[in-house]
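>>> here are the coordinates; sequence isn't available:
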């Protein structure tokens, strides 16, 4: 599995729109997408961390290069104080309980 973790800072008052953008991504049913998690930080409710999981690096890269994903990303940007900070990598361990 492969994925990314992103640090994002929402514009003041844009939290609901940010949540809606996450729902739009889920409804797109992107090939290879396994799931995603969004965390809102206790220390700063405008700071979010997004973790997205794909079946493979190839699926992740294909999505990242897709025009549809670029459109979704550009929509997301309008609700953020700057671009996300991305950290891509191979998932080497996972657990579900």
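Cool, the structure landed. What you are looking at is a predicted structure, and each value in this text was computed from that prediction instead of being measured.
>>> C-alpha from now on. contacts and neighbour counts both.
Fine.
>>> how about the helices in the protein?
15-27, 57-64, 67-77 (DSSP state H).
>>> would you turn those helices into TSV with mean pLDDT?
What follows is the helices of the chain, written out as TSV (pLDDT from 0 to 100):
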stretch	mean pLDDT
helix 15-27	87
helix 57-64	97
helix 67-77	94
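>>> need the winner for burial among those helices.
Neighbour counts (mean count of other CA atoms under 10 Å) averaged over each of the helices of the chain peak at helix 57-64, with a mean of 16.
>>> tell me the bridge partners for the nearest residue to residue 86 once chain neighbours are set aside.
Leaving out its chain neighbours, the residue that sits closest to residue 86 by CA to CA, 6 or more residues apart in numbering is residue 6, at 4.5 Å. Residue 6 has the following beta-bridge partners by DSSP bridges: residue 50, residue 86.
>>> re the thing from before, in CSV: the helices of the chain, plus distance to residue 40.
CSV is the format used below for the helices of the chain (distance: least, CA to CA, whole Å):
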stretch, distance to residue 40
helix 15-27, 10
helix 57-64, 24
helix 67-77, 16
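>>> of all the ones you listed, which one is nearest residue 43?
Nearest to residue 43 among the helices of the chain is helix 15-27 (15.4 Å), distances taken as CA to CA.
>>> nearest the geometric middle of this structure, what residue?
residue 50 (4.7 Å; CA atoms, centre = their mean).
>>> residues contacting it?
Contacts here follow CA atoms under 8 Å, 6 or more residues apart in numbering; on that basis residue 50 touches 4-8, 36-39.
>>> closest to residue 92 out of the helices of the chain?
helix 57-64 (12.5 Å).
>>> how far off helix 67-77 does the closest one point, in degrees?
With axes from the mean of the first three to the mean of the last three CA atoms, to 10 degrees applied, the angle from helix 57-64 to helix 67-77 works out at 70 degrees.
>>> for helix 57-64, what is the distance to the chain centroid?
13 Å (CA atoms, centre = their mean, to the nearest Å).
>>> can you list contacts of that helix?
1-3, 30-33, 54, 69-70, 90.
>>> now, those residues that are in strands?
Counting by DSSP state E, the members of those that fall within strands are 2-3, 33, 54, 90.
>>> I figured residue 17 hits residue 77, correct?
No. Look at residue 17 against residue 77 with CA atoms under 8 Å: they stay out of range, at 10.8 Å.
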